[in-house]
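Asks: one predicted model, sequence on top.
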Amino acid sequence: MLGGRVGRIAGAVITLVLPLLGGAIAEPSAEAAPPSPHAARIVYYDASGAAEFKQAVDEGAQAWNAAVHNVQLRPAGPGQAQVTVLADDGWPRTEPSGLGAGTVYMGREAVSEGFYPPRIAAHEFGHILGLPDNRNGRCDYLMSGHSSPTSCRSTTPHPSEAQQVEQNFAGGSAAYRVAAVKGDDGCFRAPESSEPSAARGGTARAAGARHAA
Ligand SMILES: [Zn+2]
């Protein structure tokens, strides 16, 4: 039967190959492997719903990839995405569902105010990677969001931001809490809004729908 013949052929191949492998393994290796570095966790993102921001999203991801080693952001294949990136007419925001997972909204409000889309993307990915907002007004921090000027086009994480992300993905993320890193619709929105704050509080979660209306 065919199965028997295949089996015999496979057997012959194994018999032939094994001694070769054995020889290769036995030889002392000239280039001893260095201690294997911690394997990066891959976080896949789907930017197919990011409309005109697709390239900005890729730029934001690449900025993180250049700055950290323990995690890398890559475009997702079908069914692979842990992060969904969408464009809408609201304010940029992120709804994390866990470390390295969630939904990013590339809101057009901030872009029309003049904020740089790749920096917005890098900021929102910062939330996905476990960073909270940090409105310190500095352009060399990604998480400063609205507090940095619209002229700021830096997409490079501050070393302290990169260091925090490295720690988050080093295996011990015990300190990580979704609530603490949620990037609400204030990421790039002026804190002193002309809207009464009481009216904003209850509708923040429905921001997308509100702005679309
Ligand atoms: Zn934010």
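Replies: Great, that's in hand.

Asks: in this protein, which spans are strands?
Replies: Counting by DSSP state E, the chain has strands at residues 41-49, 71-75, 83-88, 93-98, 101-107.

Asks: for these, which one sits closest to the ion?
Replies: Taking CB to the ion, strand 93-98 is the member of the strands of the chain nearest to the ion, at 6.6 Å. To be clear about C-beta, it is placed using only N, CA and C from the backbone, and glycine gets the same treatment.

Asks: would you indicate which residues of that closest one are buried?
Replies: For strand 93-98, the neighbour count (16 or more other CB atoms under 10 Å) marks Arg93, Thr94, Glu95, Pro96 as buried.

Asks: let's have the strands of the chain in TSV, adding mean pLDDT and distance to Asn136.
Replies: Output for those, formatted as TSV (pLDDT from 0 to 100; distance: least, CB to CB, whole Å):
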stretch	mean pLDDT	distance to Asn136
strand 41-49	97	26
strand 71-75	98	23
strand 83-88	98	25
strand 93-98	94	19
strand 101-107	97	22
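
Asks: save the ones you listed as CSV, and put in distance to Ile120 too.
Replies: Formatted as CSV, the strands of the chain follow (distance: least, CB to CB, whole Å):
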stretch, distance to Ile120
strand 41-49, 13
strand 71-75, 15
strand 83-88, 11
strand 93-98, 10
strand 101-107, 6
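
Asks: re earlier: between the buried residues of strand 93-98, which sits nearest Asp185?
Replies: Closest approach to Asp185 among the buried residues of strand 93-98 (CB to CB): Arg93, at 4.6 Å.

Asks: the closest one contacts Glu109, correct?
Replies: No - contact criterion CB atoms under 8 Å: Arg93 and Glu109 do not qualify, at 10.2 Å.

Asks: quick one: Asp140 and Ser160 touch, right?
Replies: No - applying CB under 8 Å, one finds Asp140 not in contact with Ser160, separated by 9.9 Å.

Asks: what do the two both touch?
Replies: With contacts taken as CB atoms under 8 Å, 6 or more residues apart in numbering, not a single residue reaches both Asp140 and Ser160.

Asks: which positions in the chain make contact with the ion?
Replies: Neighbours of the ion within the chain, by CB under 5 Å from the ion: Asp133, Gly145, Gly183, Cys187.

Asks: what about 8 Å?
Replies: 92-94, 123-124, 126-127, 132-133, 143, 145, 183-184, 186-188 (CB under 8 Å from the ion).

Asks: looking at those, which are in helices?
Replies: Applying DSSP state H to those, the entries found in helices are His123, Glu124, Gly126, His127.

Asks: to what extent is the second one buried, counted in neighbours?
Replies: Put plainly, it is Glu124. Other residues near Glu124 come to 29 when the count uses other CB atoms under 10 Å.

Asks: confidence score at it?
Replies: On pLDDT, Glu124 comes in at 97.

Asks: got a list of what it touches?
Replies: Glu124 sits in contact with Gly60, Val85, Pro92, Arg93, Thr94, Val104, Tyr105, Met106, Gly183, Cys187, where contact means CB under 8 Å, 6+ apart.

Asks: ok, Gln82 next?
Replies: With contact set as CB under 8 Å, 6+ apart, Gln82 has these partners: Val43, Tyr44, Tyr45, Ala76, Gly100, Ala101.

Asks: try 6 Å
Replies: Neighbouring residues of Gln82 by CB atoms under 6 Å, 6 or more residues apart in numbering: Val43, Tyr44, Gly100, Ala101.
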